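Undergrad: next come a sequence and a model predicted from it.
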Amino acid sequence: MNKLLPLAAVVLLSGCAHKLGEFNEAGGINATRSTCPAVAIPAATGDITLFDPPASRDARAIDVTAYMTNVRVSCAPQGDQVVAQADFDVIGHRRDTSQARDVTLPYFSTVVQGGNTVIAKRISRVALHFDAGQADARTRGSGGAVVSLAAATLPEAVVTKINRKRKADDADASIDPMAAPDVKAALARASFELLVGFQLTQEQLRYNATR
């Protein structure tokens, strides 16, 4: 999977100001975290370039470019589920402004669990409309995720293990509970991401990664 570019993650499980992994004053580890999926644009998928002719990669052949920006995230529990939505703007630019033109671009919204397991993917499209004489256009897109609240919540036994008070003379006082295999596995299972980006061809991905 591509490296992720963090954009937003909101709505903590409690009002505690501490974050997951921070030591608290009692000698435990704070386990405050979000049940909301983290929202991100995978590297090299946040913009797209169309060429004319399509096979050319010369800068003079660039026909249309577009990029995603202004990502806005909403997330809230709804019954036994957590519903998240990412809204974003798509801004496009074209070379030839002689005539009015509509350009349709595909994009994906994918829900990933544990950093590597895709549990849902949807392909959608946004349409950019350029008036005659207009070089720039703007439109909006959105992607959503519905996640089980139970799946996104750490088991109580794991939270207790992380938060357990430790004294300086305890045998495991210097051992980070977050590094325990069962804790790491539980954190992975309860972690979800909502990824949005342009649905690119392999050639378009290579262009974005190497330009």
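TA: Received it, and whenever you're ready, just let me know what you need. These numbers were taken from a predicted model, which means no experiment stands behind them.
Undergrad: every contact and neighbour count from this point should use C-alpha atoms.
TA: OK.
Undergrad: which intervals of this structure have sub-threshold pLDDT?
TA: 1-33, 166-176 (pLDDT under 70).
Undergrad: same thing but 50
TA: 1-31 (pLDDT under 50).
Undergrad: quickly list what the residue nearest the centre of it is bridged to.
TA: For the chain, the residue sitting closest to the mean C-alpha position, by Cα atoms, centre = their mean, is residue 40 at 2.1 Å. Assessed by DSSP bridges, residue 40 has beta-bridge partners residue 6, residue 195.
Undergrad: ok, it to residue 52 distance?
TA: 30 Å (Cα to Cα, to the nearest Å).
Undergrad: also residue 145?
TA: Counting by Cα to Cα, the gap from residue 145 to residue 52 is 36 Å.
Undergrad: quick one: the helices in the protein?
TA: Remark: helices assigned in the chain by DSSP state H are 156-163, 181-189, 202-210.
Undergrad: what's in contact with the last one?
TA: Translated: helix 202-210. 44-45, 47-49 (Cα atoms under 8 Å, 6 or more residues apart in numbering).
Undergrad: return the member of those residues nearest to residue 107.
TA: Here the nearest of the contacts of helix 202-210 to residue 107, counting by Cα to Cα, is residue 45; it sits at 9.0 Å.
Undergrad: for that closest one, grab phi and psi.
TA: phi -120, psi 0 (degrees, to the nearest 10).
Undergrad: that one: neighbour count?
TA: 21 (other Cα atoms under 10 Å).
Undergrad: residue contacts, it?
TA: 197-200, 205, 208.
Undergrad: can you check residue 149 too?
TA: 35, 77, 80-82.
Undergrad: skip the chain neighbours and tell me the closest residue to it.
TA: residue 81 (4.6 Å; Cα to Cα, 6 or more residues apart in numbering).
Undergrad: to what extent is the one you found buried, counted in neighbours?
TA: 17.
Undergrad: go on, residue 137?
TA: So residue 137, with other Cα under 10 Å, has 18 neighbours.
Undergrad: how about it, what does it touch?
TA: With Cα under 8 Å, 6+ apart, residue 137 has these contacts: 91-93, 128-130.
Undergrad: identify the residues contacting the spatially closest residue to it that is not a sequence neighbour.
TA: Excluding the flanking residues, the one nearest residue 137 by Cα to Cα, 6+ apart is residue 92, at 5.2 Å. By Cα under 8 Å, 6+ apart, the contact list for residue 92 reads 64-67, 128, 136-138.
Undergrad: cool, and residue 90?
TA: 66-69, 138-141.
Undergrad: ok, residue 68 next?
TA: So residue 68 contacts 46-47, 88-91, 197 (Cα under 8 Å, 6+ apart).
Undergrad: return the member of those nearest to residue 110.
TA: Using Cα to Cα, those come closest to residue 110 at residue 197, 9.0 Å.
Undergrad: which strand in this protein has the most residues?
TA: strand 62-78 (DSSP state E).
Undergrad: now do the buried residues in that strand.
TA: Residues 62-68, 71, 73, 75, 77 are the ones in strand 62-78 that count as buried (16 or more other Cα atoms under 10 Å).
Undergrad: dump these to JSON lines, plus distance to residue 189.
TA: Formatted as JSON lines, the buried residues of strand 62-78 follow (distance: Cα to Cα, whole Å):
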{"residue": "62", "distance to residue 189": "43"}
{"residue": "63", "distance to residue 189": "43"}
{"residue": "64", "distance to residue 189": "40"}
{"residue": "65", "distance to residue 189": "37"}
{"residue": "66", "distance to residue 189": "35"}
{"residue": "67", "distance to residue 189": "32"}
{"residue": "68", "distance to residue 189": "29"}
{"residue": "71", "distance to residue 189": "26"}
{"residue": "73", "distance to residue 189": "22"}
{"residue": "75", "distance to residue 189": "19"}
{"residue": "77", "distance to residue 189": "18"}
